[in-house]
Every structure is written in C-alpha cells, then in structure tokens.
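Undergrad: Provided below are the primary sequence and the corresponding predicted coordinates.
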Amino acid sequence: MKIGFLGTGHITSSVIQGIFKSKLKIKKIYISPRNKKIAKSLSKKFKKVLIAKNNQQLIEKSNWIFLAITPQIGIKILKKLKFDKNKKIISFISTIKLNKLKEITRKKNITRVIPLPFIGMKKGPVVICPPDRKLKSFFKHLGTVIEIKNEKISRSFWATSSFMAPFYNLISVTSDWLVTKGVKRAEAENYVKQLFLALSQDAVFKNKISLQQLVVESQTPGGTNAYVLKELKKKKFYKIQQKALNSIFKKF
Ligand SMILES: NC(=O)c1ccc[n+]([C@@H]2O[C@H](COP(=O)([O-])OP(=O)(O)OC[C@H]3O[C@@H](n4cnc5c(N)ncnc54)[C@H](OP(=O)(O)O)[C@@H]3O)[C@@H](O)[C@H]2O)c1
C-alpha cells in the first residue's frame with residue numbers, strides 16, 4: 001500500500017516514526033514538500049519516504065491520504081484538490097467536522113483519527129471515528145485503538161487531548177519544587193518522570209479497579225495524600241480542570 005501525508009509537521013513525523021518501528025508493510029510514503037526541514041530529514045532517514053512535488057501529486061500517488069495540516073490551511077487548500085473515487089481520506093485535523101470535510105473534498109470516504117505524539121513510540125490511544133476495519137488493523141500496530149461511532153463523543157476525546165501541556169506543567173512544577181529543596185535538576189526530573197510513569201502504568205495494570213477507587217486506595221485517612229487532595233479540592237483545582245475541559249470542548 002502507498003500512503004501520503006498532506007502536511008509534514010509534528011504529527012506526520014511521529015506517525016511515520018511509529019510506522020517504521022512497527023510491523024506494518026508499507027510500499028511507499030509520500031509526504032508534502034512542506035515543512036521542508038522535516039520532509040528532508042524523514043526522506044533521508046527512511047528510504048521508503050519520498051517528497052512529493054506538490055499536494056495533488058501526493059494524492060495521485062497514494063491509496064490513503066492522511067490530512068495532517070492545520071484547520072485553517074485545510075479549509076484553504078482542500079477544496080482546490082481533487083481526490084479520485086478510490087482514495088481513502090484520514091483526517092487528523094482537530095476542528096473540521098466530518099460533514100465539512102465531505103463538503104470541501106467532495107468525498108464520502110473520510111474517517112477522523114486522533115493520533116498523539118507518542119504514536120512515534122507506538123504508544124497511547126488512537127481514536128477512530130467512525131469505526132473502520134482497515135484503519136483499526138493499521139493503527140493497532142501504532143497504539144491502543146478506540147473506535148467511536150458518534151462524532152460528538154469523539155470531540156470529547158479531542159478535548160481531553162488538550163491535557164498534554166497541563167500534565168507536563170504539573171510534573172514540571174513538582175520537579176521545580178524539588179529543585180528549590182536542593183535536589184539536582186536532573187535527579188528531580190528523573191524522579192517525577194518515573195513517579196508519574198509508574199502511577200499511569202499502575203492504573204492501566206489495575207484495570208479492574210476504577211480511577212475513583214485508586215484515589216481512595218492511595219490515601220490513608222489523615223495522611224499526606226489525603227491532605228494534599230483536600231487542599232487542592234478546597235482551592236477548586238479540579239473544578240477549574242472541569243471548566244477548562246468544558247470551554248475547550250466548544251472549540252472541537
Ligand atoms: N501535534 C499533535 O499532537 C496533533 C495530534 C492530533 C492531531 N493533530 C492535528 O494534526 C494537524 C497538524 O498538526 P501538527 O502539530 O503536525 O502541525 P504542524 O507541525 O504545524 O504541521 C503542519 C504542517 O502543514 C504544512 N503546511 C502548511 N501549509 C501547507 C500547504 N499549503 N500544503 C501542504 N502542507 C502545508 C506545514 O508546513 P510549513 O511548516 O512549511 O508551513 C507543516 O508541515 C492539525 O490539524 C492538528 O490539529 C496534531
């Protein structure tokens with residue numbers, strides 16, 4: 001199979017890195033000449049990656065076309081491009097809904113997918129909407145596939161993907177605090193990364209236990225975890241989190 005990526009930015013780069021770490025058998029990958037720097041580096045690193053002359057040539061050469069451009073660029077360029085009948089379109093674009101995509105590409109065979117940067121390590125969830133057998137068997141090599149029938153629900157998943165930077169900030173503040181207590185930066189960062197990695201892995205491992213139960217089990221009454229949780233609740237830390245999710249949801 002030949003696949004093409006319209007837009008050669010961060011997410012294309014991660015997906016391609018994941019593909020070459022996986023067992024997926026891909027004949028050729030065509031990428032946009034933009035971004036030049038990333039395109040050059042990918043084609044240099046992987047023999048099967050070729051830089052297309054332009055977006056239309058990329059579409060003509062590929063069986064599947066991944067839309068990995070920003071919403072603004074998508075609205076601008078997609079209506080000018082021609083997609084033949086047999087092409088499958090997979091959109092990574094965060095804020096263009098299926099109906100709009102169908103209208104501007106004049107194509108019905110479109111699926112929305114949410115890859116995240118760790119797809120480059122073949123890790124993390126990959127939301128596919130609506131469910132698609134071929135895409136499921138493709139993306140299961142690159143992460144944990146979650147199929148969603150209802151587009152509105154898939155938009156809720158988009159909203160939660162906005163918690164990457166806040167998560168890193170949470171662990172960064174924790175690490176900075178350790179540094180203020182005299183811990184070396186490298187040691188502090190390594191400690192918090194290992195702590196939060198183990199917490200996530202533990203939650204996945206204990207998949208029969210609900211997250212709320214983990215919250216309960218990780219505190220002893222009157223203990224330090226109970227104290228910090230109570231303090232954060234009192235300061236409305238989690239109410240603010242919910243509000244942020246509600247506001248960002250409106251954008252998707
Ligand atoms: N990054 C993520 O974690 C992530 C996750 C899921 C979904 N997405 C979605 O994926 C899309 C891309 O995100 P990104 O983070 O990869 O953005 P990005 O790094 O800014 O990449 C966008 C790419 O589009 C290129 N481009 C601009 N104009 C173009 C044109 N006319 N024709 C072809 N390519 C053009 C840019 O090239 P120049 O640099 O030359 O302008 C750049 O290579 C967005 O819609 C985003 O919502 C991203």
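TA: That came in fine, so what should we check first?

Undergrad: which ones are touching residue 21?
TA: 120, 121, 122 (C-beta atoms under 8 Å, 6 or more residues apart in numbering). From N, CA and C alone the C-beta is placed, and that goes for glycine too.

Undergrad: and if you look at residue 175?
TA: Residue 175 neighbours (C-beta under 8 Å, 6+ apart): 185, 188, 189, 191, 192.

Undergrad: does any bit of the helix or strand it falls within sit next to the ligand?
TA: Assigned by DSSP states H and E, residue 175 belongs to helix 164-180. No: Helix 164-180 is not in contact with the ligand by C-beta under 6 Å from any ligand atom; minimum separation 7.3 Å.

Undergrad: buried residues in that helix?
TA: Within helix 164-180, the residues that count as buried by 16 or more other C-beta atoms under 10 Å are 171, 175, 178.

Undergrad: of these, closest to the ligand?
TA: Nearest to the ligand out of the buried residues of helix 164-180 is residue 171 (C-beta to the nearest ligand atom; 17.9 Å).

Undergrad: wait, doesn't the closest one sit right on residue 196?
TA: Yes: using C-beta atoms under 8 Å, residue 171 is in contact with residue 196, at 5.4 Å.

Undergrad: what does the domain assignment say about the chain?
TA: 2-149, 163-249 (automatic domain parsing).

Undergrad: which residues of the stretch 101-250 of the chain fall in helices?
TA: Along the stretch 101-250 of the chain, counting by DSSP state H, counting those that start in this stretch, helices occupy 133-139, 151-160, 164-180, 185-205, 211-217, 224-234, 237-249.

Undergrad: Kindly export the third one (C-alpha atoms) in CSV.
TA: Spelled out, that is helix 164-180. Listed next in CSV are the C-alpha coordinates belonging to helix 164-180 (Å, rounded to 0.1, in the frame of the first residue of the first chain):
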residue,chain,number,x,y,z
MET,A,164,-0.8,17.2,27.5
ALA,A,165,0.7,20.6,28.3
PRO,A,166,-1.1,20.9,31.6
PHE,A,167,0.1,17.4,32.5
TYR,A,168,3.7,18.3,31.7
ASN,A,169,3.3,21.5,33.6
LEU,A,170,2.1,19.6,36.7
ILE,A,171,5.1,17.4,36.7
SER,A,172,7.4,20.3,35.8
VAL,A,173,6.2,22.3,38.8
THR,A,174,6.6,19.2,41.0
SER,A,175,10.2,18.9,39.8
ASP,A,176,10.9,22.7,40.2
TRP,A,177,9.7,22.4,43.8
LEU,A,178,12.2,19.6,44.4
VAL,A,179,15.0,21.7,43.0
THR,A,180,14.1,24.5,45.4
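
Undergrad: What is the distance between it and the centre of its chain?
TA: In terms of C-alpha atoms, centre = their mean, to the nearest Å, the centre of helix 164-180 is found 21 Å from the chain centre.

Undergrad: quick one: that helix to helix 237-249, angle?
TA: Between helix 164-180 and helix 237-249, the angle comes out at 150 degrees (axes from the mean of the first three to the mean of the last three C-alpha atoms, to 10 degrees).
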